[in-house]
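**Q** Need coordinates for the below:
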Amino acid sequence: MGSKKISLLTLSWIYITLFNRNKKMGILAKCVQCEHCQEKYRLRYNLGNKYPQSATFPCHTCGEDLTFGVGTDKEIFKNIREIPFKMDLKIVNLHPELTLDVASKNDPLYFPSLDFMVRQHQNGKDGIAEFQAAQQSCILYQQKWDAVQKDFRYLTEKRWKLLEEKYGTDQKVTEHKILMEVFEAADRFLQGKWAEFSDHVLDVVGDAYKHPSYPSLRDYLLEFKEDFLMNKLYEVMKSYRELEEVLLPTLLHQKCGFVPEGYSSSVNWEKLKMAYGDFFEIYGDLLLIPTSLNNLLTRNDINKFNTDGFNLNKYIDADKSSKAENFKANSKLVGLGEFYDSGIRNGTHHKASTFDKDTQTISFKTGKGGRGRRQMSLVSYIEHCNELYARILSVTKGYYLINMMKPKNR
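**A** Next comes the predicted model:
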């Protein structure tokens, strides 16, 4: 809640304001029983904005994953069944879109949405509006991506006949229209701090466009167009949509400028454990884009590095762990290296990690031979996945601008 005291009147105003803006806000009370061990719980499910929605928690007795949610026309029960209401059962708080305070996760008077809104109010008078904008961006991103995904897949597969009725027979025009829709979806995700972050990448592209050697930069980078702009971008956006439910709990925190803490109500480590490594691999290849931009702007040669004899070919072949070192001194690009952590990638991608459901702690081996040991919370891991995804969208958006900006006099 922070160090600032909030009056009861202020709390009431925040709650009434949020309720008036979102009629679906509230808490569903459900008493349920685990179908495996018969343990009973009283759920306090805090409704989110996106539908369908659900949350998962491990049974305190048998460890089975128990899921409750709300669909478009019915409630969701997995490994649990509803039982008659009783006040004296174990409390479990759930929220599909916000992390939970660890100390309050079993508190019968805990309201995660209200706590979050208090933090937003402490941020200033625009806090509630920013929260609403963040919620809206999550919904619009999903809708826009779902609307263009099939066309984008057809584009990557060059199935032009299936696109002609909607886009016409000019393949360049078709490609342009579809990719514009793809990046309109990306813009919905790149909200809040990520919007500014993405703009910095575009600024660097704009600076490069003014450089006399911009034509060589563009010619070089467009050799990777099929891989970067089609295959990799489609694959990572498709993967994110498939994982969205388990990546959602930290999104509003990140879009509103908070470091997410606590517990997630969307726990599925088996589904999530390869996500960071997959994003890391794709992003490591895409870092060729800011690296070549930085070489051009700082050394007047896309192929020139600080190390003598090193060049772009050697950079491509180098270990991915150091791919972000080149532009650390560039104030507009340095942020691209944040949350890029080969230790997390190696520790989780090589099936060397374990997950404790009760504490939501990930443990994995690090260093040569895996002799080291590292721990991180599930919420921090999810945060890293979302941050890396935002950087992938930012870099590919800059790359598409390079694709569109033909050199002068050509």
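
**Q** which is the next helix or strand following the helix or strand hosting Ile139?
**A** Using DSSP states H and E, Ile139 sits within helix 127-156. Downstream of helix 127-156, the first helix or strand assigned by DSSP H and E is helix 161-167.

**Q** Please enumerate the helices of the stretch 251-400 of the chain.
**A** Using DSSP state H, counting those that start in this stretch, the helices of the stretch 251-400 of the chain run over residues 251-255, 269-272, 275-286, 288-299, 312-317, 342-349, 378-404.

**Q** Phe116 is nearest to which of those helices?
**A** helix 251-255 (7.3 Å; Cβ to Cβ). Using the backbone N, CA and C atoms, a C-beta is placed for each residue, glycine as well.

**Q** which helices and strands sit right next to the closest one?
**A** Judged by 3 or more Cβ pairs under 8 Å, 6 or more residues apart in numbering; DSSP states H and E, helix 251-255 is in contact with helix 127-156, helix 193-209, helix 378-404.

**Q** from these, which stretch is densest packed?
**A** helix 378-404 (a mean of 22; mean count of other Cβ atoms under 10 Å).

**Q** avg pLDDT for that helix?
**A** Here helix 378-404 scores 97 as its mean pLDDT.

**Q** Number the chain from 46, please
**A** Fine by me, first position is 46 from now on; the one you just mentioned is helix 423-449.

**Q** and the angle from that helix to helix 172-201?
**A** Counting by axes from the mean of the first three to the mean of the last three Cα atoms, to 10 degrees, helix 423-449 lies at 60 degrees to helix 172-201.

**Q** pLDDT weak spots in the stretch 46-195 of the chain?
**A** Along the stretch 46-195 of the chain, segments meeting pLDDT under 70 span 46-70, 168-172.

**Q** In the stretch 46-195 of the chain, mark out all the helices, start to finish.
**A** Under the criterion DSSP H, counting those that start in this stretch, the stretch 46-195 of the chain carries helices at the ranges 53-66, 157-168, 172-201.

**Q** which strands and helices sit next to the helix holding Ile184?
**A** Using 3+ Cβ pairs under 8 Å, 6+ apart, helix 172-201 sits against helix 53-66, helix 157-168, helix 206-212, helix 216-234, helix 278-292, helix 296-300.

**Q** so how far is it off the chain centroid?
**A** 12 Å (Cα atoms, centre = their mean, to the nearest Å).

**Q** which residue is nearest the middle of the protein?
**A** With distances taken as Cα atoms, centre = their mean, Asn431 lies nearest the centre of the chain, 2.4 Å away.

**Q** Isn't it up against Gln299?
**A** Yes - applying Cβ atoms under 8 Å, one finds Asn431 in contact with Gln299, separated by 5.7 Å.

**Q** from memory Lys85 sits against Cys76, does it?
**A** Yes - in terms of Cβ under 8 Å, Lys85 counts as a neighbour of Cys76; the distance is 6.8 Å.

**Q** any shared contact partners between those two?
**A** Common contacts of Lys85 and Cys76 (Cβ atoms under 8 Å, 6 or more residues apart in numbering): 128, 131, 134.

**Q** Would you mind listing which of those residues are buried?
**A** Neighbour counting with 16 or more other Cβ atoms under 10 Å marks Leu134 as buried within the shared contacts of Lys85 and Cys76.

**Q** Which single one of the shared contacts of Lys85 and Cys76 is nearest to Glu241?
**A** Nearest to Glu241 among the shared contacts of Lys85 and Cys76: Leu134, at 46.1 Å, using Cβ to Cβ.

**Q** any weak-confidence spans in the stretch 346-455 of the chain?
**A** The low-confidence ranges in the stretch 346-455 of the chain, as defined by pLDDT under 70, are 413-415, 455.

**Q** tally of neighbours for Leu317?
**A** Counted with other Cβ atoms under 10 Å, the neighbours of Leu317 add up to 22.

**Q** What separation is there between it and Ala397?
**A** Distance from Leu317 to Ala397, counting by Cβ to Cβ, to the nearest Å: 16 Å.

**Q** nearest to Tyr90, of the helices of the stretch 296-445 of the chain?
**A** Closest to Tyr90 of the helices of the stretch 296-445 of the chain is helix 296-300 (Cβ to Cβ; 16.9 Å).

**Q** Contacts for the closest one next, please.
**A** With contacts defined as Cβ under 8 Å, 6+ apart, helix 296-300 is touched by 142-144, 161, 176, 179-180, 182-183, 236-239, 304-305, 428, 431-432.

**Q** If we use 10 Å, what do you get?
**A** Applying Cβ atoms under 10 Å, 6 or more residues apart in numbering, the external contacts of helix 296-300 come out as 93-94, 140, 142-144, 158, 161, 164-165, 175-176, 178-180, 182-183, 186, 234-240, 289, 303-307, 424, 427-428, 431-432, 435.

**Q** what does stretch 255-272 give?
**A** Contact partners of stretch 255-272, identified using Cβ under 10 Å, 6+ apart, comprise 201, 203, 250, 252-254, 273-274, 276-278, 330-331, 333-334, 337-338, 340-342, 345-348, 357, 361, 444-445, 447-448, 450-455.
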